[in-house]
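S.K.: predicted model, plus sequence, below.
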Amino acid sequence: MNKLIVGNWKMNGTMTSARNLAAELVTFQKNKPVQVTVVVCPPYPYLGVVALRLMDSSLRWGAQDCAAHENGAFTGQVSAAMLKDMSCQYVIVGHSERRSQGNETDEHILQKAQKALAAGLTPIICLGENLQEREQGKAVDVVLSQAQQAIPEGKCIIAYEPVWAIGTGKVPTASQIEEIHQALAKKKPVLPLLYGGSVKAGNAAEILKIPHVNGLLVGGASLNAAEFWAIAEAA
Ligand code: 13P
C-alpha cells in the first residue's frame with residue numbers, strides 16, 4: 001500500500017503564506033520527488049489558491065471538515081459537494097478538535113463521512129482516546145467503539161490520533177501505536193490506517209515502521225515545507 005502523508009494546517013496562516021507553502025511543496029516535489037501520496041488540508045478560504053498552485057503537480061488537497069447535510073439553510077457550513085467542486089479528494093472528519101470544540105458525536109461523524117463518500121471524496125476519519133481513557137486502560141475499547149460507530153461502509157481512511165498526543169510533543173510508544181493499529185486492522189481489514197499526534201521529521205521514520213501504519217496525519221509540522229517534506233521523504 002502506498003504510504004499517505006496528510007498535512008492538517010488547522011486554522012493557521014494567511015492567503016499569502018498558504019500560497020507560498022503550497023508553492024514550496026511543489027518545488028520540493030520537483031527537486032526531491034517522493035513516491036508517496038502527499039495531501040494538504042488548508043483552511044477553507046485558502047482551498048482555491050492552494051488548488052491553483054498544486055493543480056499541475058502530483059500533490060493533492062483536501063479540507064478539514066464537511067457538513068453532515070447536503071445543502072440548504074446551514075449558515076457557516078461547507079458541503080462535501082462544494083469541496084469536490086474545489087477538486088478536493090479528501091476530507092478530514094471527526095478530528096478531536098471538532099469532537100471537543102464542536103460537540104461532534106460519532107453519529108455526526110458517520111453522517112459527514114457518508115456525505116463525503118456520496119460526493120466522491122475520501123473521508124479521513126479521526127479516532128483516539130483521551131488521557132484519562134488511556135490511563136484507565138480503555139484506549140483500545142474507546143477507539144474500537146468509535147470505529148464501530150463513526151465509520152461507514154466504503155473507501156475510508158482511518159487516522160488514529162490520541163487526544164493527549166496532539167500538539168503536545170508527547171508521542172505514544174511504538175507498542176502503544178501498534179496495539180491500536182493492530183486492533184483497527186483486525187476490525188477494518190481493508191482500510192488504510194494513519195497515525196497522528198506530534199509527528200515531526202525526527203520521529204516519522206520510526207512511526208512509519210510500526211506494523212499497520214500506512215501513513216501519517218501531521219499538524220504543526222505540516223506548516224513548514226522543509227519539515228513536512230522531510231516527513232514525506234521518511235515515508
Ligand atoms: P500535531 O501534529 O500538531 O500534534 O497535530 C496532530 C493533528 O491534530 C493532525 O490532525
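M.R.: Nice, I can see it.
S.K.: C-alpha from now on. contacts and neighbour counts both.
M.R.: OK.
S.K.: any chance you could list what contacts the longest helix seen in the chain?
M.R.: Scanning the chain for the longest helix, with DSSP state H as the assignment, gives helix 15-31. Applying CA atoms under 8 Å, 6 or more residues apart in numbering, the contact partners of helix 15-31 are 42, 46, 49, 50, 53, 54, 57, 59, 223, 224, 225, 229.
S.K.: again with stretch 86-97
M.R.: 41, 47-48, 51, 60-66, 104, 106, 109, 112-113, 116, 120-128, 161, 163.
S.K.: buried residues, that stretch. List them.
M.R.: 86, 87, 88, 89, 90, 91, 92, 93, 94, 95, 96 (16 or more other CA atoms under 10 Å).
S.K.: which residues of this protein lie near the ligand?
M.R.: 8, 166, 167, 196, 197, 198, 199, 217, 218, 219, 220, 221 (CA under 6 Å from any ligand atom).
S.K.: contacts only, for the first one.
M.R.: Right, residue 8. Taking CA under 8 Å, 6+ apart as the test, what residue 8 contacts is 40, 41, 42, 64, 217, 218, 219, 220, 222.
S.K.: of the contacts of stretch 86-97, which belong to strands?
M.R.: 41, 60, 61, 62, 63, 122, 123, 124, 125, 126, 127 (DSSP state E).
S.K.: just send the residues you listed back as CSV, with pLDDT too.
M.R.: Listed next are the ones in strands among the contacts of stretch 86-97 as CSV, based on pLDDT from 0 to 100:
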residue, pLDDT
41, 99
60, 98
61, 98
62, 98
63, 98
122, 98
123, 98
124, 98
125, 98
126, 98
127, 98
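S.K.: ok so, going back, can you select the buried ones from the contacts of helix 15-31 in PyMOL?
M.R.: Buried subset of the contacts of helix 15-31, written as a PyMOL selection, criterion 16+ other CA under 10 Å:
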select buried, resi 42+46+49+50+53+54+59+223+225+229
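S.K.: name the nearest of the contacts of helix 15-31 relative to the ligand.
M.R.: residue 223 (9.3 Å; CA to the nearest ligand atom).
S.K.: all helices for the chain, in order.
M.R.: Under DSSP H, the chain gives helices at 15-31, 47-54, 80-85, 96-101, 106-118, 131-135, 139-150, 174-187, 201-208, 225-234.
S.K.: quick one: buried residues of the longest one?
M.R.: What that stands for is helix 15-31. Quick answer for helix 15-31 (16+ other CA under 10 Å): 15, 18, 19, 20, 21, 22, 23, 24, 25, 26, 28, 29.
S.K.: measure the last one to the ligand for me?
M.R.: To the ligand, residue 29 is 21 Å away according to CA to the nearest ligand atom, to the nearest Å.
S.K.: and for this structure, the residue most distant from the center?
M.R.: Largest separation from the mean C-alpha position in the chain: residue 73, at 27.5 Å (CA atoms, centre = their mean).
S.K.: identify the residues contacting it.
M.R.: With CA under 8 Å, 6+ apart, residue 73 has no contacts at all.
S.K.: pLDDT score for it?
M.R.: Confidence at residue 73, expressed as pLDDT, is 98.
S.K.: the one 10 residues further on now?
M.R.: At residue 83, the model reports a pLDDT of 98.
S.K.: return the distance of the longest helix of the chain from the chain's centre.
M.R.: 19 Å (CA atoms, centre = their mean, to the nearest Å).
S.K.: thanks a lot, catch you later.
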